[in-house]
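Visitor: Return atomic coordinates for the entry below.
(one chain, ligands or ions: 1)
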Amino acid sequence: MDIRDGKPVIRAEHATRLASPGKPPLQHPSTGGSEYAPKLAKREGIGFFRRIFQGEPEKRPVNCFHCGNVFEVVCDAQSSQCPKCGGYISLQDYEVDTDWRRRIQTRGDVMILKTGSIIGVSVQCHDLTVAGKLAASVECSGTLRIRSHGKIVGNVTCRELRVERGAVVEFQGEVHAGSTTIDGNVKAQLTCTGTITLEKKAHLQGLARAGALVVKAGAKHTGMMEVVKAPSDAVEAV
Ligand SMILES: [Zn+2]
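Guide: Sure thing, here's the model as predicted:
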């Protein structure tokens, strides 16, 4: 906590506020700030110390680009090193609002804004949200979320594919996903180890293979659909 004008101000960051058991609250609105200020600075130091050494920072799994090893990183880290192969893993987030022509390799998230485009390069990331243009090959360890209209030229691999209502997308390469939810218009050759869910406004054209299929009233599918009953999730996509 910070003190401004004698009042405690909670910081925007997600640092845990630690209660101090058995001790009176440090900042009381009715007390003046000045006499507490030096003490507070000290307390804050302790709080910071505790956050680092006793707090449990949120972690998330990351899979290594180089060897495929999955390991955990602290959520707000900017980079990491694979404990297995020693490879460098960027965890930087990108927000693309112009024409982007460089390869992206991160396990952070990438957001292509309406005014942005990624064309002719490969994208590896965790979550990828597309509101602009994407003509690239994609590998997402998280969710690929499509909100725009357009063609996706390269092959796509993602844990989860979501095509939102109003989106129109044509995948020209193959799409491999863990699970898929479609509420827009999609042309694709889609292989899904888990479930394909077609929501009310979905229109899926093309060959689709999935472990299971859920079709809501109103959804349309044109083309071949193959439901492959898998003994486990580990279906090899042919
Ligand atoms: Zn590795």
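
Visitor: and the gap between Met225 and the ion?
Guide: According to Cβ to the ion, to the nearest Å, Met225 and the ion sit 37 Å apart. C-beta: built from backbone N, CA, C; applies to glycine.

Visitor: Could you tell me how many residues sit around the closest residue in space to that residue that isn't next to it in sequence?
Guide: Nearest non-adjacent residue to Met225, counting by Cβ to Cβ, 6 or more residues apart in numbering: Ala208, 5.1 Å away. The tally of other residues near Ala208 (other Cβ atoms under 10 Å) stands at 24.

Visitor: Spit out the contact partners of Ala208.
Guide: 188-192, 196, 221, 223-226 (Cβ atoms under 8 Å, 6 or more residues apart in numbering).

Visitor: again, only this time at 10 Å
Guide: With contacts defined as Cβ atoms under 10 Å, 6 or more residues apart in numbering, Ala208 is in contact with 175, 180, 182, 186, 188-192, 196, 198, 221, 223-227.

Visitor: okay, now the domains of this protein?
Guide: Domain assignment for the chain, taken from automatic domain parsing, gives 2-53, 58-91, 93-227.

Visitor: In CSV, list those along with mean pLDDT.
Guide: Written out in CSV, the entries for the domains of the chain read as follows (pLDDT from 0 to 100):
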stretch, mean pLDDT
domain 2-53, 47
domain 58-91, 92
domain 93-227, 94
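
Visitor: just checking, which of the ones you listed sits deepest inside the structure?
Guide: Highest mean neighbour count among these (mean count of other Cβ atoms under 10 Å): domain 93-227, with a mean of 19.

Visitor: strands paired with the helix or strand hosting Ala136, and their directions?
Guide: Counting by DSSP states H and E, the element that carries Ala136 is strand 133-146. When sheet partners are counted by DSSP bridges, strand 133-146 sits next to strand 117-125 (parallel), strand 128-130 (parallel), strand 156-163 (parallel).

Visitor: Show me which residues of the protein sit near the ion.
Guide: Applying Cβ under 5 Å from the ion, one finds that the chain approaches the ion through 64, 66-67, 69, 82, 84-85, 87.

Visitor: Could you dump these into TSV with secondary structure added?
Guide: Converted to TSV, those look like this (DSSP: H, G, I helix; E, B strand; the rest coil):
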residue	secondary structure
Cys64	coil
His66	coil
Cys67	coil
Asn69	coil
Cys82	coil
Lys84	coil
Cys85	coil
Gly87	coil
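
Visitor: Now do the helices in the chain.
Guide: In the chain, the helices defined using DSSP state H lie at 37-53.

Visitor: Can you pull up the most central residue in this structure?
Guide: Against the mean C-alpha coordinate of the chain, by Cα atoms, centre = their mean, the closest residue is Asp127 at 3.0 Å.

Visitor: wait, isn't that residue in contact with Arg145?
Guide: Yes. Under the contact definition of Cβ atoms under 10 Å, Asp127 touches Arg145, with a separation of 7.1 Å.

Visitor: any shared contact partners between the two?
Guide: Any residue near both Asp127 and Arg145 by Cβ under 10 Å, 6+ apart counts here, and that gives 111, 158, 160.

Visitor: partner residues bridging the second one?
Guide: For Cys158, the beta-bridge partners are Cys140, Ala177 (DSSP bridges).

Visitor: Let me see the contact set for the nearest residue to Gly194 once chain neighbours are set aside.
Guide: Leaving aside its sequence neighbours, Gly194 sits nearest to Ser179 (Cβ to Cβ, 6+ apart; 3.9 Å). Shown here is Ser179, whose contacts under the criterion Cβ under 10 Å, 6+ apart are 143, 158-162, 192-197, 210-212, 233.

Visitor: let's see 8 Å
Guide: So, once contact is read as Cβ under 8 Å, 6+ apart, Ser179 ends up touching 159-161, 192-197.
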